[in-house]
Structure formats: C-alpha cells, structure tokens
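> Curious how this folds, go ahead:
(chains A and B)
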Amino acid sequence: MNLPEATNFIEQYINEELEQGKFESVGNQICVRFPPEPNGYLHIGHVKALCINFGVKEKYHGKLNLRMDDTNPAKEDYEYVNSIVDAVKWLGFEYDNLFFASDYYDKLYEIAEKYITDGNAYVCDLSAEEITATRGTLTQPGVESPYRNRSVEENLKLFREMKAGIYPDGAKVLRAKIDMSSPNLNMRDPVLYRIAHVPHYRQGDKWCIYPMYDFAHPISDAIEGITHSLCSLEFENHRPLYDWVIDKAGFPAPRPRQIEFARLNITNMLMSKRYLKKLVDEGFVRGWDDPRMPTLMGLKNRGVPPEALKKFCADVGVAKNYGVVSLAQLDECIRDCLNTTAERAMGVIDAVKLTITNYSGEEELEFEKNPTDGSGAMRNVKFTGSVYIDRDDFAIEPPHKFKRLYKGGFVRLKSAYIVRCDDFATDEDGKVSEIFCTYFPETRSGSTVKSEIKAKGVIQWVDAKYGVKTEYRQYQPLLKDEQYPDQDYAERLNENSERIFFGYAEPYIAESEEGKPFQLMRTGYYKKMTSENGGLILSEIVSLKDNFNK
RNA sequence: UGGGGUGUCGCCAAGCGGUAAGGCACGGGAUUUUGAUUCCCGCAUUCGUAGGUUCAAAUCCUGCCACCCCAGCCA
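Model prediction:
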C-alpha cells in the first residue's frame, strides 16, 4: 500500500515532531485513527482518508484504530458499522483495533464533571434558539449566558439531574466556559452535552445525555493515545477547541495533533449522503450496494478492484487545496488495473447473424484468457462458421475510417479467420437481419502461412451453435448532471441508469469464477471506455440460458 | 464585514532561495488478431496580482484580488 504521493506535508509535521522528541514518552509510536460515524455506507470519498491514515500507519510502523464515532443515537445503527467494517476489509486494510466512541461514555461523563469542578463548564438553561441568538455573528461578539456563573455545586447537581433523566430534551445543555467574544465561533461556549431521550444502538437506554462531537472526538483520541488526528479541512476552525478540550481534561503529553487535508471531490460524481440515502430510501436503486452507487460496495459490485481505488488516491495525492479531480482519472486507474487482471471473454449484446457461406464443419480455436497478464493462459472456443456479431460492428454505409465490416470489406473474427462480406439481408424495417461472408482458410489465427488477405479491424463474435443466450444488465453509474441538485434529481438519475439486454456469450463466461471482473470485449464501441460513455465495466450478466439453439 | 484556510499547465499535484517533477486529459508517431494495451515524442520562459529584498524568488517581505470554511443541542 502506497502512501499517497503528496502526503508530504503530513509527513513533514510528523518528522519534525519525531525529531523534536515529542513522542519519546510513547516510544515514538505513531497512532492514527479512522473515525466514521456509522450513519451511512462508506463511499469513494472515504477511501482517501483511509489511504492517508493507513499510509501513515504503514510508513511509521504505527497503529490505526477504526473507531465508530457514534455519539448521535438518532442516526446510527449496526447495519452501518457492519458495512463500514466490510468495506475497510474489502479494501484490504488491516486496522489494529475496532473501537466505539460510545464505549467511552462513562469516561466522557467523568471528564465532564471534572470540567464543572474546574470551572470549565456549566449547565445552561437557554433554549437552542436562545443560544443561537446570543452567539453573536461573524463580526459581533456573543452575549454571555445568564447561567454562565452558576456555582460548581449547582452545576454538578443540575448535570447529574440531566443524566438522571429528569429534564426533557432541549431543556438544558452542558456548555464549555471559554470566550463568548472569540472571533472563532466554535469557542463561544460550545455545547458539550445535550439531552436526548433516544435509545442508543449499543448502549440502549443507559443514557439520555449524549456528548457532542467537539467534546467526544478529542477525548476519544486522547484516550486511545492517538498521536495524529487527520481530518478534513472543515475542521480547521475546530482545532483550537480540540486542543482546549484535551488540555482541560488533563491528559498527559503528548497531546494528539489534528492535521487537516482537503477531502476528495470527483467531477460528476454524486457523493452527497443526502441524495444517496434518498435513492435508497425511495427505491430508485436496490440498495446501498447497487452497482450504480458510488459506495464502496456499489463499486465492488460494479467490478471495480480495490487496488484501482488505492492507486487513484495515490495518484491524486493529498494537499490542502480545494480541488475536484476529473472522473477520467478514476476511470484510468480502473482501466489500468483491470487491464492486467481481468480475463477477457466475447459476448454480443445486439446480435446479428453472420453466416460464412463457404465453411462447413466445426473446429476448436484458441483464445488467450488475458493478453496482458503475462500468463499466456488459453481457453478453447468452438467455431462452426455461423456466428453472431454485434450490430454496431457492421455498417450498411460505412463512415469514414470505419475499420469493421461492410459489404465488400474485410474484417477478422477475433481468434478465427478473416472474412469478406459479400451480401446482407434486411427485414421489413430495413434492419440488417443476416450477413453473408466468405472466409479465407489461410488466415486462420496463428497460421504461419502468408496471406495476401488483410483486415483493418477485428471484431468479436459468439458461435451460433455453442453460444449461450445471455441476459445482460447494463448500468449507467449515477452521475451528477447540470441541474444538480434539484428536487427531481433522484427520478432523473434513475432513468436509463439500468437496462436489460439479451445477447449471446461464449460458454466460457458461464464457467467463470464468481465475482471475478470481466472486461467484455467491445470492439470498436469506444475509443476508450469511461464511466461517462457507459463503456467502463457497466455490464453484468444477469442470467445465462444454455443451448438456446437446442 | 471578524476569524480560519487556499491560490503552480484544461484537472489533480511536487517544489521550502539557485533558475518549473509526476499523473490525468490532450496532440503527433510506431507496433498491435480488443479502434484497447504497449511504445516513443510534444504539451507552464512561468507559478492569483502589484511592488520590494537578493547576484539569484514559485519559494522571503508588503499591499491588493479571488475562492473555500465557521453563527447545529450534526459529525
């Protein structure tokens, strides 16, 4: 696993601290964490954070904790924690511990009481609206809460009563006592604990007060001995609070250092959790793991190898600039990875019969399983002179530079023979119904006999007798469009995002290992296969019907 | 408008005072039984901008400009 190239600035910080001896007391062991909230499935945007954190772990022979940041019981569930664990494992990352912020609730509560005792926190009776109203604005300082100077005893009593459940939701909160006139709004007496009479998926009814992110996260890091808390740019404004919270809690040095980096954005890629959830909840897709989804499980089902995602992150790098990487870069990583790993097979989607008029009998031809993996593994394909080809590979009126078949033209049937089209038949709609060709025996694949016959193009085919009737499902990944976001987005996205085709495939496909990605050979369809032209691994074989001819 | 960030090729991104890496995209050529792959070759005299310091600046200083983040009892 490679650390993304441009992790330099993070490495620089760590190296400097190491040189200064900041971590000598902890044996110079670097410890990081990946802290998702289990309120949704991991998507491609999370891979970057995963790569950075696991990259640091590996580089410094450190440790990494996977920690569920589950401090908001209203949104979280085991379904999500399981999906997150599965996704991390699918990517091939090995974490050292699986922790839950909710396991620290007791400790967190204890520290909250210490804050009160030390005069660093107070119970505030203001309503949410009142707190907002007294927070001030970007340019004006806030107003101190009238409850700000309650005695330690009263605060303790009130906080314990909050915990005991005698107050309804929203009646009171615990606030940090910092500075209502700080230019950083996060420091204007932020809320530390709120009342929520909501059962927690792991803690049940044990609690009715829950810690806020700004309190729970730094403390969790400190408890676990995290040395570097890597997060995205929007938390830069929280760093002073992060430091304050840990310092006031009284943890021994070294204090974990929060370092921020820019999150991953990809052009045309839908990554808003709100819409992804809408697509799932309203049934526009079959689930979080639908191949059209940008979730890791969706990508997996689409045939994207985890290595491609890691390469992508390494190529893209890490910096603090807000940037949007083009989808083409992701596509390239997927193509690159698949090129050397995916086995090839022939299949046609919109089939047209091609009959070789001067061929009789049948034979077995050799076909390389993957011409680029270096294995040289071969498979056999039966050929009877009567085949199906893709409609797109034949043109009645060939466009300029058309390399495939047309009347009077030559083309090679991949791994078989060069054929010449002599004629074709059409149905009443004018659609080509059958193509008649002559084949040239001396052009047999692998033949050492020199032939005058040349073909510019090569097309794939499926034998009419031995081919297998196939139902293909083709997916268009869900991409943002120019009107995004609007209310009809989900509906619009769904249109044409999934199509069923009936075609033919060589029997080899049916024998393939389950879950192994296949690059369906698509001669001439696309110059390059991309997510946007629908050419990149978007086909899946839904069902195979044996021996349709019999 | 206060504070925190960021500005280097169409898109990412190195660079940290010594004279602009790399990837993607793009263009040209060679090989090719996937119009794929592979393979060459090309692609910023210029680093948001205006000044200043220096023998020397994308790198240091100053002033502007642009964009992003922050006023959840979300994370």
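> sec struct for the residue of chain A most remote from its centre, please.
The outermost residue of chain A relative to its centre, with distances by C-alpha atoms, centre = their mean, is A:Asn358 at 51.8 Å. When the structure is split into helix, strand and coil by DSSP: H, G, I helix; E, B strand; the rest coil, A:Asn358 lands in coil.
> measure it to A:Phe424 for me?
Remark: distance between A:Asn358 and A:Phe424 (C-beta to C-beta, to the nearest Å) = 16 Å. Where you see a C-beta, it was placed from the backbone N, CA and C, and this is true even at glycine.
> Mind listing the residues bridging to A:Gly503?
In this structure, A:Gly503 bridges to A:Thr470 when assessed by DSSP bridges.
> ok, it - contacts?
Shown here is A:Gly503, whose contacts under the criterion C-beta atoms under 8 Å, 6 or more residues apart in numbering are A:347-351, A:388, A:462, A:469-470, A:472.
> quick one: which of those is nearest to RNA strand B?
Distances from these to RNA strand B were compared by C-beta to the nearest atom of the strand; the smallest belongs to A:Gly347, at 11.4 Å.
> Strands of the stretch 51-200 of chain A, residue ranges please.
If DSSP state E, counting those that start in this stretch is used as the criterion, the strands of the stretch 51-200 of chain A fall at A:63-68, A:97-100, A:121-124, A:173-176, A:191-195.
> Out of these, the one nearest A:Asn268 is which?
strand A:63-68 (29.9 Å; C-beta to C-beta).
> what about the closest one, average pLDDT?
Here strand A:63-68 scores 98 as its mean pLDDT.
> what's it in contact with?
The set of residues that contact strand A:63-68 without belonging to it, under C-beta under 8 Å, 6+ apart, is A:29-38, A:53-54, A:57, A:76, A:81, A:84-85, A:88, A:95-102, A:220, A:224, A:226.
> shaky segments in chain A?
Using pLDDT under 70 as the threshold, the predicted model of chain A has low-confidence ranges A:1-7, A:482, A:485-487, A:510-525, A:535-550.
> Out of the contacts of A:Gly503, which sit inside strands?
Judged by DSSP state E, the subset of the contacts of A:Gly503 located in strands is A:347-348, A:351, A:388, A:462, A:469-470, A:472.
> As JSON lines, the residues you listed with neighbour count and distance to A:Leu42 would be great.
Putting the ones in strands among the contacts of A:Gly503 into JSON lines (neighbours: other C-beta atoms under 10 Å; distance: C-beta to C-beta, whole Å) gives the following:
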{"residue": "A:Gly347", "neighbour count": "27", "distance to A:Leu42": "32"}
{"residue": "A:Val348", "neighbour count": "29", "distance to A:Leu42": "36"}
{"residue": "A:Ala351", "neighbour count": "22", "distance to A:Leu42": "39"}
{"residue": "A:Tyr388", "neighbour count": "22", "distance to A:Leu42": "41"}
{"residue": "A:Val462", "neighbour count": "25", "distance to A:Leu42": "38"}
{"residue": "A:Lys469", "neighbour count": "17", "distance to A:Leu42": "37"}
{"residue": "A:Thr470", "neighbour count": "25", "distance to A:Leu42": "32"}
{"residue": "A:Tyr472", "neighbour count": "21", "distance to A:Leu42": "28"}
